[in-house]
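1. How does the following fold in three dimensions:
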Amino acid sequence: MEGIVRFVENSGFANLTPGHLLMILVGLLFIFLAIRYEYKPLFLVPIGFGILIGNIPFVEHAGLHLGIYEEGSVMNYLYMGVLKGIFPPLIFLGIGAMTDFSPLISNPKLMLLGGAAQLGIFLTYIGAISLGFTNPEAASIGIIGGADGPTAIFLSSKLAPHLIGSIAIAAYSYMALLPVIQTPIMRLLTTKKERRIKMKPPRSVSKLEKILFPVVALLLTGFIAPGSLPLLGMLFLGNLLKESMVTKRLADTARNTMIDMVTIILGLTIGASTQATTFLTQQSMHIFVLGATAFMFSTAGGVLFAKIMNLFLSTENRINPLIGAAGVSAVPDSALVVQMEGLKADPDNHLIMHAMAPNVAGVIGSAVAAGIMMSFLL
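-> Here you go, the predicted structure:
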């Protein structure tokens with residue numbers, strides 16, 4: 001009987017709390033959205049399953065080492081890749097090997113939209129300060145506005161590691177809901193006439209330009225914000241592996257096998273870090289509200305800046321303001337949202353190639369913003 005009693009006391013059923021149950025439902029919701037509606041499935045499935053793992057309650061025994069926060073556990077060792085900022089640069093290497101910078105190279109002025117779409121980062125930083133967060137915490141929360149999960153994780157691992165779980169879940173949740181968040185803002189801030197603007201086809205970009213771009217871009221951004229080097233250094237290396245055409249095997253590994261493995265472990269450990277006892281706090285609720293605000297302001301910043309640019313451009317060189325929304329660095333999701341909105345206004349107006357320019361510029365912009373914040377706050 002004593003053994004049976006001990007077994008019951010140590011089971012998850014005996015230690016289940018309403019908080020654990022709530023988080024399990026959140027994990028199931030993530031998995032449902034990923035599978036049923038294909039919302040960021042590559043991230044939401046591992047994260048959702050990780051939430052389930054992290055919220056099966058257990059009694060902590062010396063030497064058992066089960067939880068992600070217990071030193072010596074397998075999950076704790078895997079989580080070190082998040083806490084030490086190892087996984088985000090590896091993901092950036094894979095993103096670089098998948099990215100074509102040709103739209104940006106062919107129309108460099110669209111880089112300004114990628115910068116304007118970082119507006120939400122700095123406005124959310126101010127909002128977080130007003131809610132009582134410290135400067136490093138506020139910077140980590142603000143970077144959610146860049147719509148770049150790896151950058152948000154990397155910066156929070158340096159400035160606010162205790163908030164990584166909340167920040168990462170907020171970033172990836174809103175990235176999955178980009179069509180829901182961005183579409184109403186894009187429609188509100190543009191007229192139907194503006195949404196029908198057709199842009200000139202991008203010019204052809206030479207192989208030499210494609211090879212020089214990652215080298216020149218690395219030198220410029222590295223000197224401006226050295227703190228961004230772990231991310232942008234890997235991004236541009238991955239792109240050079242792709243564009244040089246002499247390292248095809250390395251590029252294939254970076255954009256396929258490696259990034260897939262890192263994504264699985266990153267998503268799983270981020271999800272598992274959301275244990276109800278540490279995740280369900282007032283701070284987490286504030287982070288989710290601020291994260292949504294950041295996404296909305298970043299989208300609005302990109303769209304409005306495109307409208308401002310049109311004031312100084314000739315009629316034949318006008319920019320469709322919708323592509324400003326792609327300045328947030330969720331590649332290629334925000335560009336696809338722009339494409340869908342453009343087609344709704346005019347079935348013959350394909351904006352995807354134009355939208356990819358501010359989209360990839362947003363990746364660079366959010367990493368530079370993170371590097372600048374690190375230089376001020378570390």
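2. how much space between Leu113 and Val338?
-> Relative to Val338, Leu113 is positioned 11 Å away (Cβ to Cβ, to the nearest Å). Using the backbone N, CA and C atoms, a C-beta is placed for each residue, glycine as well.
3. any low-confidence regions in this structure?
-> Applying pLDDT under 70 to the chain flags residues 5, 7-12, 59-64.
4. please redo it, this time with the cut-off set to 50
-> Low-confidence segments of the chain, defined by pLDDT under 50: 62.
5. any idea which helix is longest in it?
-> helix 282-310 (DSSP state H).
6. quick revisit: okay, Leu113 and Val338: which has more neighbours?
-> Legend: neighbour count by other Cβ atoms under 10 Å for Leu113 and Val338, higher for Val338 (32 against 28).
7. Not counting residues beside it along the chain, what's closest to the more buried one?
-> In space, and not counting its chain neighbours, Val338 is closest to Ala355: 4.1 Å by Cβ to Cβ, 6 or more residues apart in numbering.
8. Could you list the buried residues of the helix or strand where that neighbour lies?
-> In the assignment (DSSP states H and E), Ala355 maps to helix 352-377. Neighbour-count burial for helix 352-377, counted by 16 or more other Cβ atoms under 10 Å, picks out 352-374, 377.
9. if we can go back for a sec, got the angle for the longest helix of the chain vs helix 352-377?
-> 130 degrees (axes from the mean of the first three to the mean of the last three Cα atoms, to 10 degrees).
10. now for helix 282-310, which elements pack on it?
-> Secondary structure elements in contact with helix 282-310, counted by 3 or more Cβ pairs under 8 Å, 6 or more residues apart in numbering; DSSP states H and E, are helix 111-116, helix 119-130, helix 135-142, helix 164-176, helix 178-189.
11. Can you give the distance of the shortest one from its chain's centre?
-> What that stands for is helix 111-116. 17 Å (Cα atoms, centre = their mean, to the nearest Å).
12. Tell me the helix or strand right after the longest helix of the chain.
-> Of the helices and strands lying after helix 282-310 in sequence (DSSP H and E), the nearest is helix 333-345.
13. Okay, angle between the helix holding Ala355 and helix 135-142 too, please.
-> Going by the same axes, to 10 degrees, helix 352-377 makes 170 degrees with helix 135-142.
14. Please report how far Pro321 lies from Met340.
-> From Pro321 to Met340 the distance is 15 Å (Cβ to Cβ).
15. swap that for Glu209, sorry
-> From Glu209 to Met340 the distance is 30 Å (Cβ to Cβ).
16. Same check on Thr190?
-> 14 Å.
17. So for those two, which residue has more residues nearby?
-> Of the pair Thr190 and Met340, Thr190 is the one with more neighbours under other Cβ under 10 Å, namely 23 against 14.
18. Burial check on the spatially closest residue to the more buried one that is not a sequence neighbour, number of neighbours?
-> Nearest residue to Thr190, sequence neighbours excluded (Cβ to Cβ, 6+ apart): Pro321, at 4.9 Å. Applying other Cβ under 10 Å, we find 25 residues neighbouring Pro321.
19. Next: the one 5 residues further on.
-> Applying other Cβ under 10 Å, we find 38 other residues in the vicinity of Ala326.
20. ok, now which ones touch it?
-> Contacts of Ala326 were listed using Cβ atoms under 8 Å, 6 or more residues apart in numbering, and they are Leu113, Ala117, Gly302, Ser334, Ala335, Val337, Val338, Ala355, Met356, Pro358, Asn359, Gly362.
21. between the helices and strands packed on helix 282-310, which gets nearest to Leu229?
-> With respect to Leu229, and counting by Cβ to Cβ, the nearest of the helices and strands packed on helix 282-310 is helix 135-142 at 17.7 Å.
22. List the buried residues in that closest one.
-> Neighbour count says helix 135-142 has Pro136, Glu137, Ala138, Ala139, Ser140, Ile141, Gly142 buried, by 16+ other Cβ under 10 Å.
23. Quick check: the third one touching Ile129?
-> Yes: contact status for Ala138 versus Ile129: in contact at 4.8 Å, counting by Cβ atoms under 8 Å.
24. ok, the closest residue to Ile86 other than its chain neighbours - how many residues close by?
-> Sequence neighbours aside, Met80 is the residue nearest to Ile86 in space, at 7.4 Å (criterion: Cβ to Cβ, 6+ apart). Other residues within reach of Met80, judged by other Cβ under 10 Å, total 11.
25. Name the helix or strand for Met80, please.
-> helix 74-83.
26. which outside residues touch that helix?
-> Contacts of helix 74-83 (Cβ under 8 Å, 6+ apart): 53, 65-70, 86-87, 153, 157, 161, 164, 168, 262, 265-266, 268-270, 272-273.
27. CA atoms only for it - export them in CSV, please.
-> Below are the C-alpha coordinates for helix 74-83, written out as CSV (Å, rounded to 0.1, in the frame of the first residue of the first chain):
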residue,chain,number,x,y,z
VAL,A,74,18.5,16.3,-20.7
MET,A,75,16.0,19.1,-21.4
ASN,A,76,18.2,21.6,-19.4
TYR,A,77,21.2,20.7,-21.6
LEU,A,78,19.2,21.3,-24.8
TYR,A,79,17.8,24.5,-23.3
MET,A,80,21.4,25.8,-23.0
GLY,A,81,21.3,26.4,-26.8
VAL,A,82,18.6,28.9,-26.1
LEU,A,83,20.0,30.5,-23.0
